[in-house]
Every structure is written in C-alpha cells, then in structure tokens.
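Asks: Structure here, sequence nowhere to be found:
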C-alpha cells in the first residue's frame, strides 16, 4: 500500500475518510522505510536526519511526497534518517514546537526539519520543504 492510498475510496465521504487515514498512517509508516517519530523519541545523530510533518488525513500531495521519499530510501543514502509524523496530532502551536523547537508559526505544510549530527539546522515549510527533502535524498 502506498501513502496516497490512504485517501482513496471506499470511504463514502471525506468526513469518514479523514479519521480513517489518520488512524492507518502509523501502520503504513511502520511498513515503509520511514520512521514514525514522537516527542521524547531519540533523535538520530549519526548523520543527516529529516523530520517531516504532514497532514495525513487530507493532503494528497504530501502523501505523494512520502511515497517518493520511501522509494528514494529503497536504494538511496543509508545515512539519511527520515522521521515523519501527522500534524493532526498537534492541537496547538505549542505542540508543533515539541517537534520543531523554535518554530514561530505554521504557515504551510509539509514542515521539514533538517538535523545534522543531532542538531537542528533548518526548518522549511510548504513547496520549498518538498523540494528540499527530495533534493537531499537525491544527493543534491
């Protein structure tokens, strides 16, 4: 199953589909090359770490991004750790700061945090986050 499949029918309505997608998201992550990350979990410090927050219950483009990243990790750089989480788990801006220390405001999704040797170096949102994540995994 691909991440984008979370938003395919048979759900009769988006109202039913969205909670189901959020519920299935952790299972799909566990079956991929990505890692589900929660505040308090260890932070990979052996090289490059990407943390990507997406809207799993309704953002098709973000689910497609995770499919592309998962495919890139299949034969890609082993020293890159990709952690992900569903932004639906955050109820307030303070919750987002538990994932991305110092972030001032969520403006667009996805949100990409880049860690180098265990230290957060950059946080990017929206289109630029997608492009940067793919470029890093492609080695550019």
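Replies: Thanks, I have it. Since we're looking at a predicted model, the values are computed, not measured.

Asks: the longest helix in the chain is where?
Replies: Assignment by DSSP state H gives helix 14-30 as the longest helix of the chain.

Asks: Which strands and helices lie in contact with that helix?
Replies: Contacts defined by 3 or more C-beta pairs under 8 Å, 6 or more residues apart in numbering; DSSP states H and E place helix 14-30 against strand 35-36, strand 80-86. In short, each C-beta sits where N, CA and C put it, glycine included.

Asks: Just the buried positions in it, please.
Replies: 17, 18, 21, 22, 24, 25, 26, 28, 29 (16 or more other C-beta atoms under 10 Å).

Asks: ok, now stretch 131-140?
Replies: For stretch 131-140, the neighbour count (16+ other C-beta under 10 Å) marks 132, 133, 136, 137 as buried.

Asks: now swap in stretch 38-56 and tell me
Replies: 44, 48, 49, 50, 51, 52, 53, 54, 55, 56.

Asks: The second one against residue 82, yeah?
Replies: No - under the criterion of C-beta atoms under 8 Å, residue 48 is not in contact with residue 82, lying 9.3 Å apart.

Asks: Out of the buried residues of stretch 38-56, which comes closest to residue 64?
Replies: residue 54 (10.3 Å; C-beta to C-beta).

Asks: Please name the residues that touch that closest one.
Replies: Shown in contact with residue 54 (C-beta atoms under 8 Å, 6 or more residues apart in numbering): 62, 63, 65, 66, 84, 85, 86, 87, 109, 110.
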